[in-house]
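Student: here is a sequence together with a model predicted from it:
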Amino acid sequence: MYQAPRGTSDFLPEDQPYWEFMRAKAGEVASLYGYQRIDTPVFEDASLFVRSVGEGTDIVEKEMYAFKDKGGESLSLRPEATASICRAYLEHGMPNLPQPVKLYTMGPFFRYDRPQAGRYRQFHQFNCEALGEADPLLDAEVIEVAWRFYESLGLKDLSLQVNSIGCAVCRPRFRAALLQYYAGYLDSICKECRGRFDRNPLRLLDCKERECQRIGAGAPRTTDYLCADCAAHFSQLRASLEATGIPFGIDNRLVRGLDYYNRTVFEIQPRVEGAQASLGGGGRYDGLIEELGGKPTPGIGFAAGLERVVINLKRQGIAPDALPKPRAYLAYIGAPARDAAWRAVSELRKVGVAAVIGFGGRSLKSQLRHANTLGAAYVVIIGEREVERGEAVVRDMAGATQTTVPADELAQALAGQGVGGQG
Ligand code: AMP
């Protein structure tokens, strides 16, 4: 028997209310803040991600689904959204539009990660990206969009952490201080961190190993090394964010795993003990568009991991509304009744009444059971007698009452507020 590939999931009909709920809220919140939807291909030139996400990152080194297609092109399934959106921004001349250009997207992303709870190889994100503006007010706005998204879903007990990791001017000084500090701990940090020491020292700070965390607690703090411009930016961001009333903390060890970030970085996590899995996060990437061949253009964005939202919705007992069920189930007994039911179900659908019909000429009992399983509000029963009289029996499944209506008034009766029942 085939199974879905490791690290991927089928979202069954019973899971869909959660996804519909998240899609609806994401769209509402994005529009509220002036973001427009964009959808980019699920695969791109592999080099787009290598250039943007960065050569030394886990994503590029270990996690890309990169392949050559039959024409010899090097492609990769997208591991994240920002690079593709920046590519589209340049490709479609969006630098000529009034800035910032604010775009959002939702869809599947792919990373060859080690599958575990909350970590998959195909996962889904809601992303917002705002391009072409360096104002720290925009940083506060992007963080606010992310926060309002989780809030609109009813999620509680979330923690928002913010940090500034500086820019090309001040980061080298911080990096040097970090290397100097960690040089004294090379025998104590984990194997992965020894690799990070050489390739990506900022990542030393967000290692989850206990001993590395203990060592990290004494490491230099990014915010002590900011240049005047970055310090002023961070200070304005904090003030603007405070004005929104959203609670947040400063976490000087927050760095995030992608190379393109500068200045503002942020992350949202559940407060629950042990639920360290980040729900979402983002940051500024002022050098990225230039790296991709455009003029120097600032940008900032965030990604919310939707599988993790579902996990937290379930954990917090938040049940989205069920998806619509059929209003009517057409049950029949015998061939003439089948033809009448077939015409009736067609009429109902024409006037927009969600209706299904029993197949296979099964017993009435079996059809009623089926209607019940599907959650149909009404069962329309047509037997020999109803065909002769040009009528249909309409059973209200909730009230367990039934009424007889002329066949040609069925659509009208079911399209309305309900069918008056009598015992
Ligand atoms: P990133 O693009 O790495 O900044 O991730 C943004 C968000 O996407 C994270 O906070 C997670 O919620 C989610 N995410 C990232 N990688 C995975 C994965 N492999 N499986 C599920 N969710 C993920």
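Tutor: Yep, it's here. Residues are numbered from 1 along each chain as shown.
Student: and the chain, which residues reach the ligand?
Tutor: Neighbours of the ligand within the chain, by C-beta under 6 Å from any ligand atom: 80, 111, 113, 118-120, 123, 125, 257, 278-281, 303, 305, 307-308. Bear in mind the C-beta positions are built from the backbone N, C-alpha and C, glycine included.
Student: please work out which residue of the stretch 251-400 of the chain is closest to the ligand.
Tutor: Gly305 (2.0 Å; C-beta to the nearest ligand atom).
Student: residue of the stretch 51-200 of the chain with the smallest distance to the ligand?
Tutor: Phe123 (3.4 Å).
Student: can you give me the strands for the stretch 251-400 of the chain?
Tutor: Listed in chain order, the strands of the stretch 251-400 of the chain (DSSP state E, counting those that start in this stretch) span 262-270, 280-284, 299-305, 328-332, 355-357, 378-382, 391-396.
Student: measure how far stretch 158-171 is from the centre of its chain, please.
Tutor: 23 Å (C-alpha atoms, centre = their mean, to the nearest Å).
Student: please identify the buried residues of it?
Tutor: Leu158, Leu160, Gln161, Val162, Asn163, Ser164, Ile165, Gly166, Cys167, Cys170, Arg171 (16 or more other C-beta atoms under 10 Å).
Student: residues touching the residue lying closest to Leu258 once chain neighbours are set aside, list them.
Tutor: Leaving aside its sequence neighbours, Leu258 sits nearest to Val53 (C-beta to C-beta, 6 or more residues apart in numbering; 5.2 Å). When contacts are counted by C-beta atoms under 8 Å, 6 or more residues apart in numbering, Val53 is found next to Ile59, Val60, Pro79, Glu80, Ala83, Leu258, Asp259, Tyr260.
Student: got JSON lines for those, with pLDDT, distance to Arg221 and neighbour count too?
Tutor: Listed next are the contacts of Val53 as JSON lines, based on pLDDT from 0 to 100; distance: C-beta to C-beta, whole Å; neighbours: other C-beta atoms under 10 Å:
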{"residue": "Ile59", "pLDDT": "88", "distance to Arg221": "26", "neighbour count": "20"}
{"residue": "Val60", "pLDDT": "89", "distance to Arg221": "27", "neighbour count": "21"}
{"residue": "Pro79", "pLDDT": "97", "distance to Arg221": "29", "neighbour count": "23"}
{"residue": "Glu80", "pLDDT": "96", "distance to Arg221": "27", "neighbour count": "21"}
{"residue": "Ala83", "pLDDT": "96", "distance to Arg221": "29", "neighbour count": "25"}
{"residue": "Leu258", "pLDDT": "71", "distance to Arg221": "21", "neighbour count": "23"}
{"residue": "Asp259", "pLDDT": "73", "distance to Arg221": "20", "neighbour count": "22"}
{"residue": "Tyr260", "pLDDT": "82", "distance to Arg221": "22", "neighbour count": "24"}
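Student: include distance to Ala146 when you put these into CSV, please.
Tutor: Formatted as CSV, the contacts of Val53 follow (distance: C-beta to C-beta, whole Å):
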residue, distance to Ala146
Ile59, 20
Val60, 25
Pro79, 20
Glu80, 15
Ala83, 19
Leu258, 16
Asp259, 21
Tyr260, 18
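Student: narrow these to those in helices?
Tutor: Ala83 (DSSP state H).
Student: so Arg119 touches Glu63, yeah?
Tutor: No - taking contacts as C-beta atoms under 8 Å, Arg119 lies outside contact range of Glu63: 10.8 Å.
Student: give me the common contacts of the two.
Tutor: With C-beta under 8 Å, 6+ apart, Arg119 and Glu63 have common neighbours Asp113.
Student: for those two, indicate the residue with more neighbours.
Tutor: Glu63 (19 against 15; other C-beta atoms under 10 Å).
Student: isn't that one right up against Tyr112?
Tutor: Yes - contact criterion C-beta under 8 Å: Glu63 and Tyr112 qualify, at 4.7 Å.
Student: please name the bridge partners of the residue of the stretch 251-400 of the chain closest to the ligand.
Tutor: Gln125 (DSSP bridges).
Student: re the thing from before, the buried residues of stretch 158-171 in strands, which ones?
Tutor: Leu158, Leu160, Gln161, Val162, Asn163, Ser164 (DSSP state E).
Student: tell me the one of the residues you listed nearest Asp396?
Tutor: Taking C-beta to C-beta as the measure, Asp396 sits nearest to Leu158 out of these, at 42.9 Å.
Student: pLDDT value on the nearest residue to Gly383 once chain neighbours are set aside, please?
Tutor: Excluding the flanking residues, the one nearest Gly383 by C-beta to C-beta, 6+ apart is Ile333, at 4.5 Å. Here, the pLDDT recorded for Ile333 equals 95.
Student: about what we covered before: and the buried residues of stretch 158-171, which two are furthest apart?
Tutor: For the buried residues of stretch 158-171, and using C-beta to C-beta, no pair is farther apart than Leu158 and Cys170, which are 30.0 Å apart.
Student: any low-confidence regions in the stretch 251-400 of the chain?
Tutor: 257, 273-276 (pLDDT under 70).
Student: surely Val345 and Ala355 touch.
Tutor: Yes - contact criterion C-beta under 8 Å: Val345 and Ala355 qualify, at 5.0 Å.
Student: so those two - more neighbours on which side?
Tutor: Just comparing Val345 and Ala355: by other C-beta under 10 Å the higher neighbour count belongs to Ala355, 24 against 21.
Student: residue contacts, the more buried one?
Tutor: Pro326, Arg327, Ala328, Tyr329, Leu330, Val345, Leu348, Arg349, Leu414.
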